[in-house]
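**Student:** What would the 3D arrangement of this be:
(2 chains)
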Amino acid sequence: MRTPIWQRLSRRRVLSGGIVAAGGAIVGALPNGRPAVAQPPDASHGANVATTATHASANPMITVGDVGSAKNGFDPTAMLTDWETGTVSQLPDGRTLRTFEIEGQDKEIEIASGVLFPAWTYNGRVPGPTLRATEGDHLRVVFRNRASHPHSMHFHGIHAARIDGVPGAGLIEPGQEFVYEFDALPFGCHLYHCHALPLRRHISKGMYGAFIVDPDPARHPESVAVAQSRLLGTAENKEWQELVMVMNGFDTNFDRKNETYAVNTIAHHFMKHPIRIDHDRPVRIYLVNVLEFDLINSFHLHGNFFDYYDHGTTLIPTLTTVDTVMQCQAQRGILEFTYRKHETGAYMFHAHQSEFAELGWMGMFDVVAVAS
Amino acid sequence: MIEIIRPQAQMPGAASNAQPRSYTKLLWFVLPLLALVVAAAWLVASDWLKVFDTGAPPVEKLTFERVILDGQGIHLKVRAGGSEPMMIAQVTVDEAFWSFRQEPPGPLDRMSTAWLHIPYSWVLGEKHDVGVLTKTGLTFKKEIEVAIATPQAQVGQLVPQALLGAFVGVVPVIIGMLFYPAMRSLGRQGLDFVLALTVGLLAFLFVGTLKDALAFAAQAAPAFQGTAMVLVVAAIAFLTLFVVGRRHGTPTGLTLATYIALGIGLHNLGEGLAIGAAFAAGVAGLGVFLVLGFTLHNVTEGIGIVAPLVVSRPSLPTFAGLAILAGAPAILGIWLGSLSYSPHWSALALAIGVGAILQVIVEVGAYLFRIASEGGATWLSSGTLGGLIVGFVVMYATAMLVKI
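**Tutor:** Now for the predicted structure:
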């Protein structure tokens, strides 16, 4: 028995039910009323292609292609362990003098496959070289500005105002040279960046790098062993797998919003090139956040927990047994963890701002048993 | 007849020395073109424009022309409009990088198109944003307001869509035509009223169709110069129909009715495109009330078509033919619109409709003017004024039912 049209009208007077329903009602309303045959088209609950239609990769949520290091001249994986310790000499008072030579350069870099970015760099790489010294060393950083704009090096550390890297204190014009001279203090995980104004543009264009000061064990008699393990080159330190990760992003269309996110510049690099981790050796990550435009960034580790040393300026953790840590811009710290008691396998790490992860800031640790 | 006399009479024997003269003439046509080629060649070869090269990145423009959602994911047809060939580097969906396949691959020359196939699990009834990131870092975004599967061109869909088209296009025109006997009994003043009403309704359709054409044009790639294209095509359509229509004098009776039906048909094509596009985009949940609104809105069109026939007595098949000419394009429109065709084609079709409607406004107006003056009255009587206003107001009021 067919419902009279006026009843159907009163039931469906609101604009709902979809055009197909309307089509069906029309059919019903015609004198020879064939039954309403229209069905919603295929894919009635949307597509579910993740399980069916993806062929090449198990994970379609990823940038296409691979950047490689040929064009950029740097490789995010190599950067993880690329320590710049400078030219070492002795001062008359017996202290170590480390001299670093840094050049400001304009350089077009590839930040995701096929996406070019007109960067401002230190030594042609983003992030700049990871400068590493020991607590109490005297540092001499020679900065030559070969770029097209005024730049500086502003160190997060203890130093005099006249070498602070702000306008009037070591901010130099293109073609000029300046020497920042100071003692490596305090020990910890730090950073340097250009402090030319506007700061936001100079940072987001790529002028930043990690600056690590290892503790001098002689100055920390209460925790010599810990300090030894932090000090680059010691036997205790060689037990550790140390990695430096600079969390950054790029605003490719200059709308003050990032189009890509990453650690060490290249979106999704560590998804395509997992970081090989020896199952039996502990891991120490020097984590620095320089991300511009977004207020915070974070690091989340899968299947594991870590101890965290905020700013790296202590030898006892400031946070213990956490799997996520949050950093504002210029905040940094040291993460320590081990997969010794884990199965081998691929363990993910990423920002737990899902948007950052999905736009490039995610990667994998490939935990393997290394025969020794 | 005047044309035949002029050239021959003034130039007897022109044929004898025509040969060298025509070469000279030809040369004067070729020379400017040759100058253009030389100028262009010099511009390209000397490359002196490079002094203006400031190192700025190339201008890039990307237009999304079609969006198709199906079980394989999201498919976008894009058209490039850069000053240099453009390279699509990455694609995002809802601010997440997503793998994709470009077909054909490689850089996109100016005005060329490509499909982007994205294996994305879109969610029925929800909104998605697709972004394209180019080599130079520019971004282009396409919002999919409500994700529903794009209807496929298959028989199972064509039939209900055709019925819907018939209901909003053909049925109301037939209903309007059923007023014909009543209109015959109206007499002289009544006829003036109905013709004026027709002009009023056509004026309304003119505005609406022009607006829709410009709206589609705005979505088209900038190189098509949407507004200019619509106006130029409308003008050409108007002039062509006007000249063709007047080959045998001012159109009246059945001829005029046919032109009205044609203009209204092109308008209904646009209405069908809009309904079909809503269908495809899932933008409008189109209920019974909305369809009835379209029907009511279009009844007046039937009255307009048969208005010039009041003085003659056409056959039943003639009426049927006119109803199909005016109404059936709605069916075609729904079919095409639901397949998500590129906006410039819709703009083009509607622009022709604009010209066609303008032509019938002029012709019905002229007809009204003539029969009014034959009757010894001015064309703008209280009756015709009333007709104009009623025509316009009825269309406006019924359009309220179909505007969302």
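**Student:** so how many other residues sit close to whichever residue of the stretch 51-200 of chain A sits closest to chain B?
**Tutor:** Using Cβ to the nearest Cβ, the closest approach of the stretch 51-200 of chain A to chain B is made by A:Gly114 at 3.1 Å. For every residue, glycine as well, the C-beta is placed using N, CA and C. A:Gly114 is flanked by 17 other residues according to other Cβ atoms under 10 Å in any protein chain shown.
**Student:** Just want the residue of the stretch 201-350 of chain A that's nearest chain B.
**Tutor:** A:Thr252 (2.7 Å).
**Student:** residues in contact with the nearest residue to that residue once chain neighbours are set aside?
**Tutor:** Distances taken as Cβ to Cβ, 6 or more residues apart in numbering or on different chains place B:Gly137 nearest to A:Thr252, at 2.7 Å, with adjacent residues excluded. Going by Cβ atoms under 8 Å, 6 or more residues apart in numbering or on different chains, B:Gly137 touches A:Val115, A:Leu116, A:Phe117, A:Phe250, A:Thr252, A:Asn253, A:Glu259.
**Student:** okay, now residue 150: neighbour count?
**Tutor:** In the absence of a named chain, chain A is used. 17.
**Student:** Chain B is the one I meant
**Tutor:** Neighbours of B:Thr150 under the rule other Cβ under 10 Å: 23.
**Student:** quick one: the helices in chain A?
**Tutor:** A:5-11, A:18-29, A:49-52, A:76-79, A:199-204, A:224-230, A:235-238, A:269-272, A:354-358 (DSSP state H).
**Student:** And the average pLDDT for the last one is what?
**Tutor:** In other words, helix A:354-358. Helix A:354-358 shows a mean pLDDT of 95.
**Student:** Please identify the buried residues of that helix?
**Tutor:** Buried residues in helix A:354-358, defined by neighbour count with 16 or more other Cβ atoms under 10 Å in any protein chain shown: A:Phe356, A:Ala357, A:Glu358.
**Student:** Quick check: closest non-adjacent residue to the second one.
**Tutor:** I take that to be A:Ala357. Looking at A:Ala357 with Cβ to Cβ, 6+ apart, the closest residue is A:His350, at 4.1 Å.
**Student:** in the sheet, who's paired with residue 88?
**Tutor:** You didn't pick a chain, so chain A it is. A:Arg98 (DSSP bridges).
**Student:** wrong one, I was asking about chain B
**Tutor:** Here B:Ile88, judged by DSSP bridges, has bridge partners B:Thr134.
**Student:** what number of residues lie near residue 87?
**Tutor:** Using chain A. Counted with other Cβ under 10 Å, the neighbours of A:Thr87 add up to 10.
**Student:** To clarify, I was referring to chain B.
**Tutor:** For B:Met87, the tally of surrounding residues (other Cβ under 10 Å) stands at 18.
**Student:** again, but for B:Ile357
**Tutor:** Neighbour number of B:Ile357 under other Cβ under 10 Å is 31.
**Student:** cool, A:Pro221 as well?
**Tutor:** Neighbour number of A:Pro221 under other Cβ under 10 Å is 8.
**Student:** how close does it sit to A:Ala133?
**Tutor:** When distance is defined by Cβ to Cβ, to the nearest Å, A:Pro221 is 21 Å away from A:Ala133.
**Student:** cool, B:Met229 as well?
**Tutor:** 67 Å.
**Student:** any idea how the chain splits into domains?
**Tutor:** Let's take chain A. Here the domain parsing of chain A from automatic domain parsing is A:5-42, A:76-368.
**Student:** think we crossed wires, I meant chain B
**Tutor:** If you go by automatic domain parsing, chain B breaks into B:62-144, B:155-402.
**Student:** where's B:Ala347, which helix or strand?
**Tutor:** Per DSSP states H and E, B:Ala347 falls inside helix B:343-374.
**Student:** Next one: the nearest residue to B:Thr378 once chain neighbours are set aside, what pLDDT does it get?
**Tutor:** Leaving aside its sequence neighbours, B:Thr378 sits nearest to B:Ala372 (Cβ to Cβ, 6+ apart; 6.5 Å). In this model, B:Ala372 is scored at 77, pLDDT.
**Student:** residue contacts, B:Ala372?
**Tutor:** Shown in contact with B:Ala372 (Cβ under 8 Å, 6+ apart): B:Asp192, B:Thr378, B:Trp379, B:Ser381, B:Thr384.
**Student:** Which two of those have the greatest separation?
**Tutor:** Across the contacts of B:Ala372, the longest distance by Cβ to Cβ is 10.5 Å; it joins B:Asp192 and B:Thr378.
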